[in-house]
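# Quick one: sequence plus predicted model below, questions after.
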Amino acid sequence: MAKKLISVTVNGKSEERAVEPRTLLVHFLREDLHLTGAHIGCETSHCGACTVDIDGKSVKSCTHLAVQCDGSQVLTVEGLADKGVLHAVQEGFYKEHGLQCGFCTPGMLVRAYRFLQENRNPSEDEIRVGMSGNLCRCTGYQNIVKAVQYAANKLNAATAA
Amino acid sequence: MIPPKFDYHAPKTISEAVALLGSLGSDAKLLAGGHSLLPMMKLRFAQPGHLVDLNGIPELRGICLDGNTVVIGAMTVENDLIASETLRERVPLLCDAARLIADPQVRNRGTIGGDIAHGDPGNDHPALSLVCDAEFVLQGPNGRRTVAADGFFLGTYMTQLAEDEVMVAIRVPSFAAGTGWAYEKLKRKTGDWATAGCAVVLRQSAGRVTHVRIGLTNLSQTALRAVDAENALLDQPFNEAAVQRAVDAAVAITDPAEDLRGDIEYKRAMAGVMVKRALHTAWARSA
């Protein structure tokens, strides 16, 4: 049960830590690195509140071992804004009222960020499928879809400019 | 929920993984995508002393061709099945069905080999493997062996994969021209297991069924191949009467467990609906 030394880059910052093999990535982020954006929701990979990005793929960090991230690049919601300027997906959720209680929001934002890299011009149906691994119990999803559309438009306008 | 303590091993080759299984014995479990095993460990349904992580073994991933057979590395994730041009061209059933499994994040981790080797009757790839006449390549201390999907699934969480073996690849024959296919999966929500599921592969000639495979998901202790239902259709004209005989024969072999997805009567009724829909879809796609 010896601890393992891992090197992982989180939001662009190199971290080296000794972790117990059983430490889940979400606990590593929250308790060792004090990045509490990724939330612990269902703990069984259904709700998506713990979604982070590992090496360019959306992953549920409650069902991933920290030790498996050795050598990886991890992005959490804390890494989305650039020098205090909200990322387009964050601005979209703010402008379109894509949240109410906010519990699901960090997972929604990180998933939306990755989804819009996978599909720059998504239809509404594609957004609903692409975001289907994230549950929200407040808003009924309509405003979340609008928020993702807002972000898609803003990102595309920035690319065109 | 945090899993119980275990020692972690990350082999770089299949041989290393097999050697670890040999030296660690029955206290070791293979870790694939982890989306069944880790939740089971959190709930203490599984408490292995050692996890042998297969994620660092590149030779277990990827999709390639061996003649007319598609060879899918056991650690290939569901999203890579969906994205594979080779698979889309040759066994489109597996691309379509993978879209119905779990959700986008889970499909980045969940693997075809893990889905099969776990032996959970709620998993989708067992029935899909049955209808595709797939074979599984298993590597153990005495080398490799290949076993057919039909007969591989022995019971809930029990398969022919031995404790000291690693599933290396899934071999799937390319569909012949004109093959029809379908996977119908009734589920309550994205990410749920099937309330009832049915996979069909069929071929026809001049309005008669010349080849048919029917597989059932989450309707018994294992995935089922509905052989009597297939025989009700084989060499027959495809019409409502033949379809109904097949539906009845398929439902007759189901033995679902009552759970929050429904009681037994409901699940068996839905099994019939899934079989019927899958047969019609597959027929419409066949030529």
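Great, that's in hand.

# do the host helix or strand of residue A:154 and chain B meet?
Residue A:154 belongs to helix A:142-160 when assigned by DSSP states H and E. No. Judged by C-beta under 8 Å from any C-beta of the partner chain, helix A:142-160 stays clear of chain B, getting no closer than 13.1 Å. C-beta: built from backbone N, CA, C; applies to glycine.

# If you count neighbours, what's buried in that helix?
By neighbour count on 16 or more other C-beta atoms under 10 Å in any protein chain shown, the buried set for helix A:142-160 is A:143, A:144, A:145, A:146, A:147, A:148, A:149, A:150, A:151, A:152, A:154, A:155.

# out of those residues, who's nearest chain B?
Proximity of those to chain B (C-beta to the nearest C-beta) peaks at residue A:148, which lies at 13.1 Å.

# mind listing what that closest one touches?
Listed by C-beta atoms under 8 Å, 6 or more residues apart in numbering or on different chains, the contact set of residue A:148 reads A:89, A:92, A:98, A:112, A:115, A:116, A:122, A:127, A:131.

# these two touch, right, the third one and residue A:143?
Yes. Residue A:98 sits in contact with residue A:143 when judged by C-beta atoms under 8 Å, with a separation of 4.7 Å.

# that older thread, and the contacts of residue A:148, which of them are buried?
Neighbour-count burial (16+ other C-beta under 10 Å) is assigned, among those, to A:89, A:92, A:98, A:112, A:115, A:116, A:122, A:127, A:131.

# care to break the chain down by domain?
Looking at chain A here, since you left the chain open. A:4-79, A:88-160 (automatic domain parsing).

# Actually, chain B is the one I wanted.
B:7-52, B:60-173, B:182-285.

# Kindly state the pLDDT recorded for the spatially most central residue of chain B?
For chain B, the residue whose C-alpha lies nearest the mean C-alpha position (C-alpha atoms, centre = their mean) is residue B:125; its distance is 1.3 Å. Residue B:125 carries a pLDDT value of 98.

# Next, give phi and psi for it.
Backbone torsions of residue B:125, given as degrees, to the nearest 10, read phi -70, psi -30.

# ok, whichever residue of the stretch 51-200 of chain B sits closest to chain A - contacts?
Here the stretch 51-200 of chain B gets closest to chain A at one residue, residue B:103, 3.1 Å apart by C-beta to the nearest C-beta. Contact analysis of residue B:103 by C-beta under 8 Å, 6+ apart lists A:48, A:132, A:133, B:190, B:191.

# Try it again at 10 Å.
Shown in contact with residue B:103 (C-beta atoms under 10 Å, 6 or more residues apart in numbering or on different chains): A:45-46, A:48, A:58, A:60, A:111, A:129-135, B:78, B:110, B:189-192.

# Residue B:162 reaches residue B:21, doesn't it?
Yes. Residue B:162 lies in contact with residue B:21 (C-beta atoms under 10 Å); the separation is 9.1 Å.

# Compare the two (neighbour count), which wins?
residue B:21 (24 against 12; other C-beta atoms under 10 Å in any protein chain shown).

# Could you measure from that one over to chain A?
Distance, residue B:21 to chain A, using C-beta to the nearest C-beta, to the nearest Å: 17 Å.

# any idea what the residue lying closest to that residue once chain neighbours are set aside is structurally, helix, strand or coil?
Nearest non-adjacent residue to residue B:21, counting by C-beta to C-beta, 6 or more residues apart in numbering or on different chains: residue B:164, 4.7 Å away. Following DSSP: H, G, I helix; E, B strand; the rest coil, we place residue B:164 in the coil state.

# Surely residue B:164 is in contact with residue B:142?
Yes. At 9.3 Å, residue B:164 and residue B:142 qualify as touching, with contact defined as C-beta under 10 Å.

# Mind listing the shared neighbours of the two?
With C-beta under 10 Å, 6+ apart, residue B:164 and residue B:142 have common neighbours residue B:18.

# Run a quick neighbour tally on residue 3.
Using chain A here. 13.

# Not quite, go with chain B.
24.

# Now do the same contact list for it.
For residue B:3, the contacting residues are A:20-24, A:65, B:34, B:37-44, B:46-48, B:51, by C-beta under 10 Å, 6+ apart.

# Could you do residue A:157 as well?
Counting by C-beta under 10 Å, 6+ apart, residue A:157 makes contact with residue A:88.

# From chain B, how far out is it?
Counting by C-beta to the nearest C-beta, the gap from residue A:157 to chain B is 25 Å.

# can you pull the pLDDT of residue 57?
Looking at chain A here, since you left the chain open. pLDDT at residue A:57 comes out at 98.

# look at chain B instead
Per the predicted model, pLDDT is 98 at residue B:57.

# That one contacts residue B:31, correct?
No. The criterion here is C-beta under 10 Å, and residue B:57 misses it with residue B:31 at 11.3 Å.

# now the strands: where do they sit in the stretch 1-150 of chain B?
B:7-9, B:28-31, B:50-53, B:63-66, B:69-73, B:135-140, B:143-148 (DSSP state E, counting those that start in this stretch).

# any chance of the ones you listed in CSV, plus mean neighbour count, distance to residue B:181 and mean pLDDT?
Output for the strands of the stretch 1-150 of chain B, formatted as CSV (neighbours: other C-beta atoms under 10 Å in any protein chain shown; distance: least, C-beta to C-beta, whole Å; pLDDT from 0 to 100):
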stretch, mean neighbour count, distance to residue B:181, mean pLDDT
strand B:7-9, 19, 39, 97
strand B:28-31, 22, 30, 98
strand B:50-53, 22, 34, 98
strand B:63-66, 14, 17, 98
strand B:69-73, 22, 14, 98
strand B:135-140, 20, 18, 98
strand B:143-148, 12, 19, 98
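
# a markdown table for the ones you listed, including distance to chain A?
Output for the strands of the stretch 1-150 of chain B, formatted as a markdown table (distance: least, C-beta to the nearest C-beta, whole Å):
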| stretch | distance to chain A |
| --- | --- |
| strand B:7-9 | 4 |
| strand B:28-31 | 8 |
| strand B:50-53 | 7 |
| strand B:63-66 | 17 |
| strand B:69-73 | 17 |
| strand B:135-140 | 22 |
| strand B:143-148 | 27 |
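
# looking at those strands, which is closest to residue A:102?
strand B:28-31 (33.1 Å; C-beta to C-beta).

# Direction included, what does that closest one pair against?
Strand B:28-31 has its sheet partners listed here by DSSP bridges as strand B:50-53 (parallel).
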